[in-house]
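Engineer: Could you look at this predicted model? Sequence included:
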Amino acid sequence: MSAQIDIGRDTGGQRIAIDLEELLATRLLVQGNSGSGKSHLLRRLLEECAGQVQQVIIDPEGDFVTLADAFGHVVIDGAAYSPREIEELAARVRQHRASVVLALDELEVEQQIRCAALFLTALFDAPREHWYPALVVVDEAQMFAPAAAGEMTDDTRRLTLSAMTNLMCRGRKRGLAGIVATQRLAKLAKNVAAEASNFLMGRTFLDIDMQRAADLLGMDRRQAERIRDLQRGQFLGLGPAISRRPVAVNVGSVRTGSRGGGKGLLPLPEADGDAMEALLTDRLAEAASDPAPRRAAPPPPRPKLDIEHELAAPRPLPAPMPQRAPDEDTASANDTAPAAPPKPTPPSQTEPIESHSAESVVREIADSEGATFRPATSLFRDFAIRCRQRGVASAHIDITRFRRLFAYRVGGLDRLEGTSRAYVEQLVESVEDDVLAPYLAMVIAATLGEAMPEDDELARLYGSSSPSRVRRLLDHLERQGLIVVREDFGGDREIIVPGAEALAASNPAE
């Protein structure tokens, strides 16, 4: 069975159609300078085959989201999801054969590229039982498959080139038919462009692009000049799904439009210079001081996917310890009950600290300015000197114990009391001394239901001023299973401390 897609008329008024079955097997390359009608052509093609085949659209400018209103496409806002959620969404798109638009217009360019690459890779890696036929349209493909290294990092370039190459070279066996559109062939990676068997070439003016387009269409150099004379919405088509010889196509009308601004001329406002200046400068300082992100609209709430629920599942806490009076400690030491009780917390951690004790000296040092940036050996030497000067016994506190007491103080453990404090101490008992303070601050924030510390505060607690060290700290804590970091492509980050939410619910701070 052959399904024909009507895309327009030739110069003689004859209908030009694309064979959908052949297109799924041979892929399509569209080229045209800005304003040549390239997006209009893609929209026409998508509208004509909507309902006949699954469609997946990678949309860096948000032009195709209007297909959702007329044809029921699902719009996926790339800025609203984490990388893992993007991959899970792509897997579900293949499983349920949903037609979707991946809108990337709220992201920076490199984040657009990474998001699209992860999405395409997950489509490609879907299980064999989900290899249903689908058109995968990538607009502005020169961004995602650049011919030369640009400003993106090497890791991002390798990731996106691999995804685009898999789509165009190996996607057919997995049911994925790539349709790539680019403004300039010279900017598109050759191994991606070479895999297409169907071509629709629009207006272009640069000699290198005209020559490459003419070579793909089988035209000589003299005939290549014809490409420069094409009008907006007019393309030269060639390929097994279109025509066996080059044919001019005037693309037909479409039922939906883009969200872009009007293309025609509009009358300018009639306000005079003073009135216009007042409009521009009215409450300017107040608007400039607004810390809110300058987006047209906030992204929709992120769904709690099953995979994220599993990652965020709280760790089981030890059985609650009964609160005991200080004079019960001696009796409990002689308790011979068969069940081993939880490891008791040293009195110095839970009892009030006397004003003339070694612990008070630790607090004094921890509260001094810049203390977290000093080496631990220097801090401990300062501690020993102050204790000797004040006649305070400090032999029971070695450097290991000092580092933990110091971290407890700067991390804010004193903000908790009673059972809540005891539980937090148990939760952080096995955490390394050098990362204890920032981790403790996150645990306490989660326990009290407060916002997580910002990067600069985590850096201060970690004794560093480097943002990259904070990122490595969070990565380390996540690998240890102590936290779960969810960061979407829009830059918003959420830190979950497994166990702290359950602790907050069952043992609120006293």
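Structural biologist: Done, it's in.
Engineer: only C-alpha atoms for contact and neighbour calcs from this point on.
Structural biologist: Will do.
Engineer: Find me the pLDDT at residue 182, would you?
Structural biologist: Looking at residue 182, its pLDDT reads 91.
Engineer: so residue 213 touches residue 201, yeah?
Structural biologist: Yes. Residue 213 lies in contact with residue 201 (CA atoms under 8 Å); the separation is 6.7 Å.
Engineer: Show me which of the two is the more surrounded one.
Structural biologist: Taking neighbours as other CA atoms under 10 Å, residue 213 and residue 201 compare with residue 201 leading, 30 against 25.
Engineer: just so I have it, where are all the strands in this structure?
Structural biologist: With DSSP state E, the ranges of strands along the chain come out as 4-9, 15-19, 28-31, 54-59, 74-77, 100-103, 134-138, 176-182, 198-201, 234-239, 243-251, 484-487, 493-496.
Engineer: Can you pull out the residues in contact with the second one?
Structural biologist: Strand 15-19 has contacts (CA atoms under 8 Å, 6 or more residues apart in numbering) with 2, 3, 4, 5, 6, 7, 8, 9, 10, 241, 242, 249.
Engineer: would you list those in TSV and tack on distance to residue 404?
Structural biologist: Putting these into TSV (distance: CA to CA, whole Å) gives the following:
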residue	distance to residue 404
2	73
3	72
4	73
5	71
6	73
7	71
8	74
9	78
10	79
241	71
242	73
249	75
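Engineer: Just the buried residues of the residues you listed.
Structural biologist: Those of those that meet the buried threshold are 4, 5, 6, 7, 8, 9, 10, 241, 242, 249, by 16 or more other CA atoms under 10 Å.
Engineer: So which of those residues is the closest to residue 59?
Structural biologist: residue 7 (20.6 Å; CA to CA).
Engineer: Show the pLDDT at the closest one.
Structural biologist: 90.
Engineer: OK, contacts around it?
Structural biologist: 15, 16, 17, 18, 41, 44, 45, 48, 249, 251, 252.
Engineer: Relative to residue 463, which of the residues you listed is nearest.
Structural biologist: residue 41 (56.4 Å).
Engineer: how about the helices in the stretch 301-450 of the chain?
Structural biologist: 306-311, 329-333, 347-350, 358-367, 376-390, 399-411, 418-427, 433-448 (DSSP state H, counting those that start in this stretch).
Engineer: would you list these in TSV and tack on mean pLDDT?
Structural biologist: Converted to TSV, the helices of the stretch 301-450 of the chain look like this (pLDDT from 0 to 100):
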stretch	mean pLDDT
helix 306-311	41
helix 329-333	40
helix 347-350	41
helix 358-367	89
helix 376-390	87
helix 399-411	89
helix 418-427	85
helix 433-448	89
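Engineer: Return the most buried member of those.
Structural biologist: A comparison of these by mean neighbour count, using mean count of other CA atoms under 10 Å, puts helix 433-448 on top with a mean of 22.
Engineer: Can you spell out which helices and strands pack onto that helix?
Structural biologist: helix 399-411, helix 455-462, helix 500-506 (3 or more CA pairs under 8 Å, 6 or more residues apart in numbering; DSSP states H and E).
Engineer: Out of those helices, which gets nearest to residue 120?
Structural biologist: Set against residue 120 and scored by CA to CA, the helices and strands packed on helix 433-448 come closest in helix 455-462, at 31.7 Å.
Engineer: And stretch 453-466, what's buried?
Structural biologist: 457, 458, 459, 460, 461, 462, 463, 464, 465.
Engineer: Next one: the first one from residue 432, what distance?
Structural biologist: Read that as residue 457. 19 Å (CA to CA, to the nearest Å).
Engineer: what's the answer for residue 146, then?
Structural biologist: Residue 146 is 44 Å from residue 432, by CA to CA.
Engineer: more crowded one of those two?
Structural biologist: Shown here are residue 146 and residue 432; by other CA under 10 Å, residue 146 has more neighbours (19 against 11).
Engineer: The more buried one bridge partners, please.
Structural biologist: In this entry, residue 146 is beta-bridged to residue 188, by DSSP bridges.
Engineer: Check whether residue 54 really touches residue 134, as I assumed.
Structural biologist: Yes. When contacts are counted by CA under 8 Å, residue 54 is listed as touching residue 134 (4.7 Å).
Engineer: Could you list the residues in contact with stretch 459-468?
Structural biologist: By CA under 8 Å, 6+ apart, stretch 459-468 touches 372-374, 410-411, 434-435, 437-438, 455-456, 469-470.
Engineer: Which of these sits closest to residue 158?
Structural biologist: residue 469 (24.9 Å).
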